[in-house]
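Q: need a structure here:
(chains A and B, ligands or ions: 4)
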Amino acid sequence: MDKNANIVNLIVDGKEIKASEGANLLRVCLDNEIYVPNLCYLKEMEHPPASCRLCFVAIEGYPQPVTSCTEVVREGMVVMTDTPEVRRLQKSAFELLLSVRRISFCKTCIANKRCGLQKIARFLGVKLRVAHLNRIDVDREVDHTHPYLDYDPDKCVLCERCIFVCGNINKTPMLSLAHRGLNTSVTFFESAAILENSCKGCGACVEICPVGALTLKSHNKVTG
Amino acid sequence: MTPNDNRSSIEKEYASLREEAKLRLKRLRETGQPNIYIGMATCGRAAGAIETKEAFEESLFKRDIQARIIPVGCMGHCYAEPLVLIEQSGFPTICYHQVTPGKARILVQNFLEGGDPCLEYVLGAMQPNDMLPCVTDFPRFGMEKRVVMEHCGLIDPDDICQYIARGGYAALVKALKMQPEEIIAQIKTSGLRGRGGAGFPTWKKWTIAREANSDRKIVICNADEGDPGAYMDRTILESNPHQVLEGLAICALAVGAEQGIFYIRAEYPLAVEKINNAIKAAREKHLLGPNILGSGFSLEISLFQGSGAFVCGEETALIKSIQGERGMPQVRPPFPALKGVWEFPTVINNVKTLASIPPIIRKGANWYAKIGTEKSSGTAIFSVVGDVVHPGLVEIPMGTTLRELIYDVCGGIPGRKKFKAVQIGGPSGGCLSEQFLDWPIDFDSLSEAGAMMGSGGMVVMNDESCMVEVARYFLDFTQKESCGKCTFCRIGTKHLLDILEAITKGEGTERDLELLQILSEDVKAGSLCGLGKTAPNPVLTTLRFFREEYEAHVFEKRCPAVMCRSLIAYYIDLDKCARGCDACMGSCPVDAIFTTKDRKKSIDQSKCVKCGECVSACPPEYDAVRKVSPPDRIPPEIVPQMEG
Ligand SMILES: Cc1cc2nc3c(=O)[nH]c(=O)nc-3n(C[C@H](O)[C@H](O)[C@H](O)COP(=O)(O)O)c2cc1C
Ligand code: SF4
Ligand code: SF4
Ligand code: FES
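A: Ligands and ions are numbered 1, 2, ... in the order given. Below you'll find the predicted structure:
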């Protein structure tokens, strides 16, 4: 908690919580050991992208669930993290994310066992194989053009975390989003020759990726 | 200088501009030459206005007649393009419709030379007179209420004098003499709500930006207009750019901004040209730039060409795009009015919102508030397309019913067909059925019905339109235009599209209907920006009001509108087919048509690709090609034998 800020009292799932006024609600929940599924939020973010649409909570006085990563705590706020409406939206978003992936990924994936998706699946009690949605095959090739990194667009959940951490290190991120609709993906928008010098190969993006969509080439060579 | 001196000097500068403009126009008229006004906006050009203009020029030259050709914008009567107005002494101004180059030559010869106004080409006179019926006698003209489009199609957009002579920029002059708070109070009294879709009260947005503490503020005209089939904003910019410019200047004055930006999609080259010309002309007259009319208020306006992505019309994405980043919506708050382009307070308004400002300031907030309904004041502008007799742009008072708009203003459904549905608000809107025909058109009624005012696209459909296909069409659009950022919109709309596609192919199941409903509700509730939040509307409304049509596709494999290719078949009615005729045979791209034993024609169903070419090829007097759904409805006796 920020020592200089005013302290506010709020209730999450019946538990009384004290937090700094204006703190991010998702972060306050997580700090108080109340898990809310999330993939795209990082506590360093000033403007979270709110793109994964998993961190829904119900707040008293609001007509429908809202994403907790875009809310700040207020005095007297009453929050519920597991109403039926909240779970419906979370499961729906999560199953949509799963519906564009192949389960066969897991066995060979570097994120296996520590993957953000596996964790959320356990929490929500959702099977990785979605029964009621057809699987959508986007089937894109792994992008090998980067001198140090490989990127698998079909694993990526487009949380933008990699872009954020790269931007923290390099001022302007060397990764960005490209394309539209279902074909949206991360891209290294410079050529390999330029990236060879501009990208330090620090691997911060690989580290932060919750699903193993970005990998270091060196790692891939050793294991693969 | 005291404020009073300042005020009178603004007045004086404007009065001299007005005099100059009037004088110029008077001189034009005094020469005794006829004036020929040709509608040359994008729609007019598409209908052949350039060729019409050339025909007039050539013909005038050949006959050595002195006349002036004045290119004007569009009056909104798309069904009548190319539209021409002729001012000739001794006659009222006459409006001619569908003026082809041939008609242009005849008009020069018979009217300008011979004095015969060619009644057979006349749409009507522009003023009441005792010679010809007046256009206002027609409901299309009479029921409309022109506020935003008052001068559209009547003035040359490139000639600022024509706008000034009609009172243009008087509102800016009036506003320059008011306190900013007074201007905002006027807008509040007028009840004006944003025409960009959501109907947000304009005065509120302006107040937030006005009160924001910042030494730099920005105002933006949103002319991204990406809805398929909607072209109101383009037409206004092409026909009367100065009214929008004036509105933007008043907005800047009210919020305290010295920078304005027009955000126009690059696919609108003519609108871009007209706005550029307008900015230049206004600068030359000191109506823009530093120290406007000596008032001490300065405003620079620039133009930004958007890359044409639909989502860039969303205000937070538009801001990113102007900043040179990928046009992706952001979480609000912060709202642009507090933190917009480069974090400066930014007011973003739609073209029609801004074009409503000058008339409000000039004629008074109370005058405007009396037009329309209590909660939706003013006029609504729609581009009405589809199955109506008189498609085009219409401007009607809010509160007009759908029935009045479709049947009276737009002349009803052509070809004795039945009305089935009206799609309002484009990809974010909904399809309303007959039961809504007597509902008033205003922001709240349309939302309540499940549609949306949106940006003003309106498609009227007769009973030959399949509602599942309509939903599929819009979902195909939104899926492609989704910025890809958030899960529901990126992936959810794809599932919706896939299911709709399966249903139109007759592959849908009962479970699919349930899933469509649930998934639509989730995408609506879970998406980040307005695009995703409204994308399911076409699905939800068609499911609600045309459920039996979905069920026919799923359970009977039948398309009630006989439209979905996989669920229809063509056959030739042997009683009607004329022996020996082979008009259809050559039209079939896959040679599916063969000659029967008695020298009639028949279709080999295994070859037919259901393109419908034979329907158009069959002479109307025989009208022998039939379309059925499901395909097994072909009468059994129509399985004829091949020749020989
Ligand atoms: C996907 C999407 C597309 C939009 N496109 C436009 C547009 O083309 N033009 C427009 O004026 N507003 C558009 N809007 C609405 C704008 O975000 C914004 O509300 C509007 O420009 C505000 O102007 P107003 O207050 O005058 O209505 C769009 C919104 C969404 C969600
Ligand atoms: S590569 Fe990983 S970190 Fe980057 S957007 Fe995709 S899932 Fe997120
Ligand atoms: S709703 Fe669609 S367009 Fe809007 S942010 Fe999400 S993905 Fe992008
Ligand atoms: S964590 Fe809030 S939307 Fe992703």
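Q: not counting sequence-adjacent ones, nearest residue to residue 121?
A: Chain wasn't specified; assuming chain A. Take A:Ala121 and drop its neighbours on the chain: the residue closest to it by Cβ to Cβ, 6 or more residues apart in numbering or on different chains is A:Leu128, 5.5 Å away. C-beta: built from backbone N, CA, C; applies to glycine.
Q: I was thinking of chain B, sorry if that wasn't clear
A: In space, B:Tyr121 is closest to B:Tyr96, 4.9 Å off (Cβ to Cβ, 6+ apart).
Q: helix/strand/coil for the residue nearest to A:Ala121?
A: Assigned by DSSP: H, G, I helix; E, B strand; the rest coil, the conformation of A:Leu128 is coil.
Q: pretty sure it sits against A:Gln118.
A: Yes - between A:Leu128 and A:Gln118 there is a contact under Cβ atoms under 8 Å: 7.4 Å.
Q: quick one: the helices in the stretch 251-400 of chain B?
A: Secondary structure of the stretch 251-400 of chain B (DSSP state H, counting those that start in this stretch): helices located at B:269-284, B:315-322, B:351-363, B:365-369.
Q: quick one: low-confidence parts of the chain?
A: Since no chain was named, I'll use chain A. Applying pLDDT under 70 to chain A flags residues A:1-3, A:219-224.
Q: switch to chain B, that's the one I care about
A: In chain B, residues with pLDDT under 70: B:1-5, B:638-644.
Q: where do the domain boundaries of it fall?
A: B:32-139, B:170-368, B:379-462, B:467-555, B:568-633 (automatic domain parsing).
Q: closest one to ligand 4 among those?
A: Of all these, domain B:467-555 sits nearest to ligand 4, with 7.6 Å by Cβ to the nearest ligand atom.
Q: contacting residues around the nearest residue to B:Met143 once chain neighbours are set aside?
A: Nearest residue to B:Met143, sequence neighbours excluded (Cβ to Cβ, 6+ apart): B:Val409, at 5.1 Å. With contacts defined as Cβ atoms under 8 Å, 6 or more residues apart in numbering or on different chains, the neighbours of B:Val409 are B:Pro139, B:Arg140, B:Met143, B:Glu144, B:His390, B:Val394, B:Ile396, B:Thr400.
Q: what's around residue 50, how many residues?
A: Assuming you mean chain A. Residues near A:Ala50, counting by other Cβ atoms under 10 Å in any protein chain shown, number 25.
Q: oops, I was thinking of chain B
A: Residues near B:Ile50, counting by other Cβ under 10 Å, number 16.
Q: for it, which three-state class applies?
A: Judged by three-state DSSP, the three-state class of B:Ile50 is helix.
Q: was I right to think it contacts B:Ala41?
A: No - B:Ile50 is not in contact with B:Ala41 according to Cβ under 8 Å; the separation is 11.7 Å.
Q: got the domain ranges for chain A?
A: Domain ranges of chain A: A:7-88, A:149-216, per automatic domain parsing.
Q: quick one: which of the ones you listed is nearest ligand 4?
A: Evaluated over the domains of chain A, closeness to ligand 4 peaks at domain A:7-88, with 3.2 Å, by Cβ to the nearest ligand atom.
Q: flag every residue of the stretch 501-644 of chain B that's near ligand 1.
A: For the stretch 501-644 of chain B, the residues in contact with ligand 1 (Cβ under 6 Å from any ligand atom) are B:Cys529, B:Gly530, B:Leu531.
Q: gap between the closest residue to the first one other than its chain neighbours and A:Ser51?
A: Excluding its sequence neighbours, the residue lying closest to B:Cys529 (Cβ to Cβ, 6+ apart) is B:Pro329, at 3.5 Å. Look at B:Pro329 and A:Ser51: by Cβ to Cβ, to the nearest Å, they are 10 Å apart.
Q: B:Lys320 now?
A: 14 Å.
Q: repeat for A:Leu175
A: 15 Å.
Q: looking at chain A, which residue is nearest ligand 1?
A: For chain A, Cβ to the nearest ligand atom, closest residue to ligand 1: A:Arg180, 12.3 Å.
Q: once you drop chain neighbours, what's closest to that residue?
A: Spatial nearest neighbour of A:Arg180, excluding adjacent residues (Cβ to Cβ, 6+ apart): B:Gly484 at 5.5 Å.
Q: now A:Cys159: how far from B:Pro630?
A: Using Cβ to Cβ, A:Cys159 is found at 46 Å from B:Pro630.
Q: how about the residues of chain B by ligand 1?
A: Residues of chain B lying close to ligand 1 by Cβ under 6 Å from any ligand atom are B:194-198, B:200, B:222, B:224-226, B:310-311, B:313-315, B:348-350, B:353, B:455, B:529-531.
Q: run the last query once more with 5 Å
A: By the rule Cβ under 5 Å from any ligand atom, the part of chain B lying against ligand 1 is B:194, B:196-197, B:200, B:222, B:224-225, B:313-315, B:348-350, B:353, B:530-531.
Q: for these, pick the one with the most neighbours.
A: In terms of neighbours by other Cβ under 10 Å, the residues of chain B next to ligand 1 top out with B:Asp224 at 29 neighbours.
Q: who's in contact with the residue lying closest to that one once chain neighbours are set aside?
A: Spatial nearest neighbour of B:Asp224, chain neighbours left out: B:Gly313 (3.5 Å); criterion: Cβ to Cβ, 6+ apart. Contacts for B:Gly313 (Cβ under 8 Å, 6+ apart) come out as B:Gly196, B:Asn222, B:Asp224, B:Glu225, B:Gly226, B:Ser455.
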